[in-house]
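*Asks:* With the input below, show me the fold.
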Amino acid sequence: MANFFQKLKGLTKMPTFHVLLALSAAHCLNDLLQSVITAVYPMLKADLGINFAEIGLITLVYQLAASIFQPVVGYAFDRRPFAFSLPMGMCSTAVGILLFAFCTTLTGILVAVFMVGLGSATLHPEASRITSLAGRQRRGFAQSVFQVGGNFGGSIGPLLVALIVAPHDRRYVAFFLIFAFLCFWAMRPICRWYGNYLRELRNSEVRTERHAVLPLSRRHTIFTIGVIIVLIFSKYIYMASLSSYYTFYLIDKFGVSVSLSQIFLFVFVVSTAVGTLIGGPVGDRYGRKAVIWASILGTAPFSLLMPHVGLAPTVMLSFCAGFMLSSAFPAILLYAQELLPTKLGMISGLFFGFAFGVGGIASAVLGDFADRYGIEAVYNFCAYMPLLGIVAAFLPNLRKKTLA
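*Replies:* The predicted model follows:
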């Protein structure tokens with residue numbers, strides 16, 4: 001234990017540690033704002049009189065806005081880096097949150113979530129790429145710090161909705177603009193450091209990151225990316241069932257209140273933050289493949305049992321499933337970045353975007369499924385998705401490839 005704290009103390013002395021903390025804070029505040037959308041769904045459903053299919057449509061528009069633009073943003077800023085890209089994205093998010101608080105039509109809500117999704121499409125690939133650059137030789141640690149900020153923000157969002165919005169009405173979502181202004185403040189040291197980095201890069205004749213050696217052949221790389229896509233597919237279909245419909249499931253099956261369902265959602269999202277924090281360091285020590293394999297396939301026992309137990313075990317199993325499953329994404333993202341080290345922004349945007357896209361499409365399909373067959377049927381069906389984690393066996397061990 002003493003050795004662990006000694007290593008942790010050494011990591012905090014990194015010259016760019018303050019930048020990593022700022023990136024984590026910006027990710028936290030951004031994802032806090034993003035989580036408001038799904039947390040307000042029960043109130044939105046009652047306020048506008050919409051059905052589950054329309055809830056799924058809202059999620060689809062939000063997720064597609066984020067997913068389609070993420071790889072585009074990553075590619076564009078890989079080619080022409082811009083020091084103030086992160087504040088640009090937060091401007092879009094702030095406008096979307098304001099519209100979401102006051103729009104009274106489904107069309108207005110769709111425009112609002114599109115703006116929020118566009119902000120997410122800018123922040124995730126850009127912040128992930130800056131995190132890798134600031135992490136330098138400790139990219140695994142840096143990515144863990146960045147990712148856990150997002151998970152923590154996503155976890156406290158539903159809790160704040162339960163405390164601030166649920167006792168009143170949807171207009172109180174506008175109070176979350178305070179967090180948007182805090183995010184602008186957190187981005188100041190990031191923009192300053194990144195601006196200096198870009199100036200040094202332009203003045204340098206050697207751009208080492210563009211000459212990194214690819215660990216696999218082109219054909220093997222394409223196959224490996226295909227395997228990763230299957231893993232993301234299995235992970236985010238199950239995550240969509242929890243993030244979008246978990247509160248409805250608890251209300252329908254156990255009769256809990258909206259505020260209590262938000263607290264139970266908070267428990268689930270906290271588990272994703274803890275899983276992210278643990279998954280990164282474990283991947284550094286035992287390899288990305290081992291974490292990806294164990295986290296996705298290891299979720300299956302909890303997901304398969306959850307539809308058949310009472311309220312307290314359901315909350316416990318949701319925590320375990322969230323913990324196991326969330327530890328996979330930092331490992332998947334780092335694995336993909338190591339696979340294509342010359343395209344950090346594009347690959348981050350591609351996989352963040354694909355994750356958002358799968359989640360959006362899954363939410364729309366699952367919403368229609370819930371309208372037809374009931375909300376409990378959603379969880380009986382999605383419980384089998386983590387079993388697809390078995391395809392992780394086909395991932396090559398990049399650590400061995402690098403050492404060879």
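
*Asks:* which residue ranges form the helices in the stretch 51-200 of the chain?
*Replies:* 52-79, 85-102, 106-135, 139-160, 177-203 (DSSP state H, counting those that start in this stretch).

*Asks:* nearest to residue 254, of those helices?
*Replies:* Minimum separation from residue 254 across the helices of the stretch 51-200 of the chain (C-beta to C-beta) falls at helix 139-160, 17.2 Å. Bear in mind the C-beta positions are built from the backbone N, C-alpha and C, glycine included.

*Asks:* That closest one - what's its average pLDDT?
*Replies:* For helix 139-160, mean pLDDT is 79.

*Asks:* by contact count, what packs against that helix?
*Replies:* The contact analysis (3 or more C-beta pairs under 8 Å, 6 or more residues apart in numbering; DSSP states H and E) places helix 139-160 against helix 17-39, helix 106-135, helix 258-286, helix 328-339.

*Asks:* Okay, angle between the first one and helix 258-286 too, please.
*Replies:* Here the directions of helix 17-39 and helix 258-286 differ by 140 degrees (axes from the mean of the first three to the mean of the last three C-alpha atoms, to 10 degrees).

*Asks:* quick one: buried residues of helix 17-39?
*Replies:* 17, 19-39 (16 or more other C-beta atoms under 10 Å).

*Asks:* Let me see the mean pLDDT of it.
*Replies:* Per-region confidence: helix 17-39 scores 89 on mean pLDDT.

*Asks:* Report the inter-axis angle for that helix versus helix 85-102.
*Replies:* Interaxial angle, helix 17-39 versus helix 85-102 (the same axes, to 10 degrees): 20 degrees.

*Asks:* What is helix 17-39 packed up against?
*Replies:* Partner elements for helix 17-39 (3+ C-beta pairs under 8 Å, 6+ apart): helix 52-79, helix 85-102, helix 106-135, helix 139-160, helix 177-203, helix 218-254, helix 258-286.

*Asks:* closest one to residue 293 among those helices?
*Replies:* Short answer: helix 218-254, nearest of the helices and strands packed on helix 17-39 by C-beta to C-beta, at 9.3 Å.

*Asks:* In TSV: the helices and strands packed on helix 17-39, plus mean neighbour count and distance to residue 43.
*Replies:* Formatted as TSV, the helices and strands packed on helix 17-39 follow (neighbours: other C-beta atoms under 10 Å; distance: least, C-beta to C-beta, whole Å):
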stretch	mean neighbour count	distance to residue 43
helix 52-79	22	12
helix 85-102	21	11
helix 106-135	24	12
helix 139-160	24	12
helix 177-203	16	18
helix 218-254	20	10
helix 258-286	21	7
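
*Asks:* what would those helices look like in CSV with distance to residue 296?
*Replies:* Output for the helices and strands packed on helix 17-39, formatted as CSV (distance: least, C-beta to C-beta, whole Å):
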stretch, distance to residue 296
helix 52-79, 20
helix 85-102, 29
helix 106-135, 20
helix 139-160, 16
helix 177-203, 31
helix 218-254, 6
helix 258-286, 11
